[in-house]
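Chemist: 3D model of this:
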Amino acid sequence: EAAFTTRGNNSTFSNFTTSSSMQQQEQWRRVYPVGRLDAESTGLILLTSDGDIVNPLLRTSDDKSKEYHVVTSPQATDEQIKKLSKGVVITTLARRNGLKGVPVTARTLPCVVERKRDNNNNNEEPSFLHFVLKEGRNRQIRKMCSTLNLDVMSLHRVNFVGITLNGIEKSGQFVELVPKE
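Modeler: Presented below is the predicted three-dimensional model:
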């Protein structure tokens, strides 16, 4: 299933329950979120009762992109957008063998970062950016922007591994995916 999560919702297992269609199956199943969105972010989150597909979907690869619409302040310069696209060094916490998070500092993979709307170089206006990532490190876009002194005012996931929010118009709605998806 694909769902639209709202700001203030951490997308962890404990925040999701099965949909009525999933509950109609023989027995109640555990629902796993595929990937996460932090509490300040909105947009697409995938839910599954098949725990075996979660890790393969999250592994970095060319055909598993995630797309976001991001609003930053101040307005991003062309040079900042170029740096974001090439990758910047950030520190994230990575779990190793179920242990507490270990800080990992590394350059992000190159990604697509495009200006969605031109603000006529008015630095007082926010930037509307489109990001396409191949990896998904903890709070990655926020940390990437922070390294260049850009504050993320809004972050909205619009695509995850080819699944979009098409057919989902309001926060909290969901659609069942077809076998092809």
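
Chemist: And for the closest residue to Arg139 other than its chain neighbours, the neighbour number?
Modeler: Leaving aside its chain neighbours, Arg139 sits nearest to Asp38 (5.8 Å; criterion: CB to CB, 6 or more residues apart in numbering). C-beta here means a position set from N, CA and C on the backbone, and glycine is covered the same way. Other residues near Asp38 come to 14 when the count uses other CB atoms under 10 Å.

Chemist: The longest strand anywhere in the chain pairs with which strands?
Modeler: Looking across the chain with DSSP state E, the single longest strand is strand 151-160. Looking at strand 151-160 with DSSP bridges, its partner strands are strand 42-48 (parallel), strand 66-73 (antiparallel), strand 163-164 (antiparallel).

Chemist: In JSON lines, list these along with distance to Leu148, mean pLDDT and mean neighbour count.
Modeler: Output for the strands paired with strand 151-160, formatted as JSON lines (distance: least, CB to CB, whole Å; pLDDT from 0 to 100; neighbours: other CB atoms under 10 Å):
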{"stretch": "strand 42-48", "distance to Leu148": "23", "mean pLDDT": "87", "mean neighbour count": "21"}
{"stretch": "strand 66-73", "distance to Leu148": "9", "mean pLDDT": "96", "mean neighbour count": "20"}
{"stretch": "strand 163-164", "distance to Leu148": "28", "mean pLDDT": "88", "mean neighbour count": "14"}
